[in-house]
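Mind folding the following:
(2 chains)
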Amino acid sequence: MSEEKESKNFIQEIIEADLEAGTHEGRVHMRFPPEPNGYLHIGHAKAIWINFETAKMYGGKTNLRFDDTNPVKEDVEYVNSIKKDINWLGYQWEGDALYTSDYFEIIYGYAEDLIQKGVAYIDEQSAEDIAAQKGTPTKPGTNSPHRDRPVEENLQLFRDMRAGKYPDGAMVLRAKIDMAAPNMLMRDPLIYRIKHATHHNTGDEWCIYPMYDFAHGQSDSIEKITHSCCSLEFMHHRPVYNWFIEQLGIFPSKQYEFARMNVAYMITSKRRLLKLVEEGLVTGWDDPRMSTLSGMRRRGYLPESIRRFCALTGVQKRDNLQEMELLESVIRDDLNAKATRVMVVTDPLKLVITNYPEGQTEELPSKNNPQDENSGHHLMTLSREIWIERGDFMLDPPKKYFRLAPDKHVRLKGAYIIQATDHVTDASGKVTEVHCQYFPESKSGSDNSGIKVKGTMHWVDSTSGIPVELRIYDRLFTDPTPTSHEDKDFLEFYNKESLVVNDQAIAEKHLQEVGETEPLQFMRKGYFIKDQDSTKEKLVLNRTVALRDSWAKMQKK
RNA sequence: UGACCCAUGGUGUAAUUGGUAACACACCAGUUUUUGGUUCUGGCAUUCUAGGUUCAAGUCCUAGUGGGUCAACCA
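Below you'll find the predicted structure:
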């Protein structure tokens, strides 16, 4: 589904200009190129959205290419999770998934070509020496003593490198560009290094691997990618990208950079995400608090919500920090239209309806979704004793409190109007039971009692209610940008209350019958989804997001 | 003592390419509601600064200011 938007972002303008000029015969071909070294997160979702949606908009294609040039960091586990997450988000790449590693032979050929052309050389210096010669952004670098090695010698050494004659770190292949270039990346970048390591895709076939700068643009070119869109941090790589393409005379893919999307209270650094997992601060990559797609999926976020969030936040080149409120607003909006309404009491307090006959029960219909007339209904049981929310009864209520209090009237959602008549307290004065009378003529749907109430409360029958475990999530950090503090580690902002487990909640029996992936709204509480940890004995539910609560907001003031 | 990118309300994006600031979220005040949910209505900026070009500048020019990025045998 193409998210509607009349105004064009800068990438669309570039594409339309290309289309106008007839570049590449009007072909639009993009790609999403993750390195399979971790799980996809909300930042990747934006990149995926940009590539797939933009290509689709112009009748183009989008490849999925694993940028796997560093064998020591990559694994098939990640390849599989990445594919799954992209599909879940709602996208299907063109043809089979592609791998940069499938182009190793071609890329190797490109390297020999560069050597033949006299613009690449073997450098035998140590990493430290090479770094020292790079200079600084304000001071030009100095040439390597091996810079003018003869072509034949370079070729022989490079072939020996490939043949495995040298250990890791013994030498590298560098492009001969300009050690005085103001762009540090143009100062004779390394393009091949020795790594005697097993690759997830090519096994032990290679012991030399191309660097990013000598693999990405080449792969784009091999796939005849027309618009290679990446995030701003690769901006300085563009001249390098272009230089190689020109030297090699291969298909002229072009790179464009957009600002990555940052979301408040979320982090998108793979390294730091991994640390959260390793330190046990979350239960895994798919912990519902994580910014990973697998985490958001488990949290109950809908893929269409994430897509719409991406559309709403736009594409541009300035730094940005999206508020979590927007994400939550989109999620609530989508869930409001889809979630099945059920009643769950999170902090139970017994309510005895004294004039309701002992032993009697009745079944009352409850709409599955008032937003959707076709959603049907399910039945709730009512009996003499039910559970209500402890916070819904107050002995000494403040002004504008519409809930239950001594002598006050209130409606039990989908059932009857009741009036509190009495209550029981324990030795400490805590209310342990509330007594009330109900008005039979006030039955929901056929109310002719004439009683007006301001409050409607949710409740759960005590004879049929089932105990459930609720996992209440909050933002993972106490600071909107936990990684932006130079003097503090991001873990210092870890929110210890980011997960609160409630194992005393009681849900209406209908919860037993809802599907694994069916979005739920616990009326007056929030949106929930069943968790994979649920067992036959006990349902576990994750809170996706709370409902707006203007009463709580009012109370704070 | 460098190069490159960026600059519109609290946040994020827009502005028919020079024609008089729009939309969403947030916030505030109401409305609706058998969820204090939902709905609906109203309120909330003269576009970083200073010059300049022009009948007209958020859009163009100049100079500042502010923010970001750039050195890994990572991607």
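
got the residues of the stretch 1-150 of chain A near RNA strand B?
Selection of the stretch 1-150 of chain A residues close to RNA strand B by Cβ under 7 Å from any atom of the strand yields A:7-10, A:13, A:33, A:35, A:67, A:69-70, A:73, A:125-127, A:130-131, A:134-138. (C-beta placed from N, C-alpha, C; glycine too.)

Buried ones among the residues you listed?
Among these, those classed as buried by neighbour count (16 or more other Cβ atoms under 10 Å) are A:Asn9, A:Pro33, A:Glu35, A:Asp67, A:Thr69, A:Asn70, A:Gln125, A:Ile130, A:Lys134, A:Gly135.

Output these as JSON lines; include the columns pLDDT and secondary structure.
Formatted as JSON lines, the entries for these read as follows, by pLDDT from 0 to 100; DSSP: H, G, I helix; E, B strand; the rest coil:
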{"residue": "A:Asn9", "pLDDT": "95", "secondary structure": "coil"}
{"residue": "A:Pro33", "pLDDT": "98", "secondary structure": "coil"}
{"residue": "A:Glu35", "pLDDT": "98", "secondary structure": "coil"}
{"residue": "A:Asp67", "pLDDT": "98", "secondary structure": "coil"}
{"residue": "A:Thr69", "pLDDT": "98", "secondary structure": "coil"}
{"residue": "A:Asn70", "pLDDT": "98", "secondary structure": "coil"}
{"residue": "A:Gln125", "pLDDT": "98", "secondary structure": "coil"}
{"residue": "A:Ile130", "pLDDT": "98", "secondary structure": "helix"}
{"residue": "A:Lys134", "pLDDT": "96", "secondary structure": "coil"}
{"residue": "A:Gly135", "pLDDT": "96", "secondary structure": "coil"}
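
And these, which two are furthest apart?
Largest separation among these by Cβ to Cβ: A:Asn9 and A:Gln125, giving 44.4 Å.

List the buried residues of stretch A:376-390.
Going by neighbour count (16+ other Cβ under 10 Å), the buried part of stretch A:376-390 is A:His378, A:Met380, A:Thr381, A:Leu382, A:Ser383, A:Arg384, A:Ile386, A:Trp387, A:Ile388, A:Glu389, A:Arg390.

and if you look at stretch A:147-165?
For stretch A:147-165, by 16+ other Cβ under 10 Å, it's A:Arg149, A:Asn154, A:Leu155, A:Leu157, A:Phe158, A:Met161, A:Arg162.

Please list the residues outside that stretch that contact it.
A:108, A:111-112, A:115-116, A:118, A:120-123, A:166, A:171, A:173, A:176, A:188, A:192, A:194, A:196, A:206-208 (Cβ atoms under 8 Å, 6 or more residues apart in numbering).

now do 10 Å
Here stretch A:147-165 makes contact (Cβ atoms under 10 Å, 6 or more residues apart in numbering) with A:108, A:111-112, A:114-118, A:120-124, A:133, A:146, A:166, A:170-174, A:176, A:179, A:188, A:192-194, A:196, A:204, A:206-208.

Can you turn the buried part of those residues into a PyMOL selection?
Buried subset of these, written as a PyMOL selection, criterion 16+ other Cβ under 10 Å:
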select buried, chain A and resi 108+111+112+114+115+120+121+122+123+133+146+166+171+172+173+174+176+179+188+192+193+194+206+207+208
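
residue ranges for the helices of chain A, please.
A:10-21, A:42-57, A:76-89, A:104-116, A:127-133, A:151-162, A:216-222, A:238-248, A:270-278, A:293-299, A:303-313, A:324-338, A:550-556 (DSSP state H).

residues of the first one that come out buried?
Buried positions in helix A:10-21, judged by neighbour count with 16+ other Cβ under 10 Å: A:Ile11, A:Ile15, A:Asp18.
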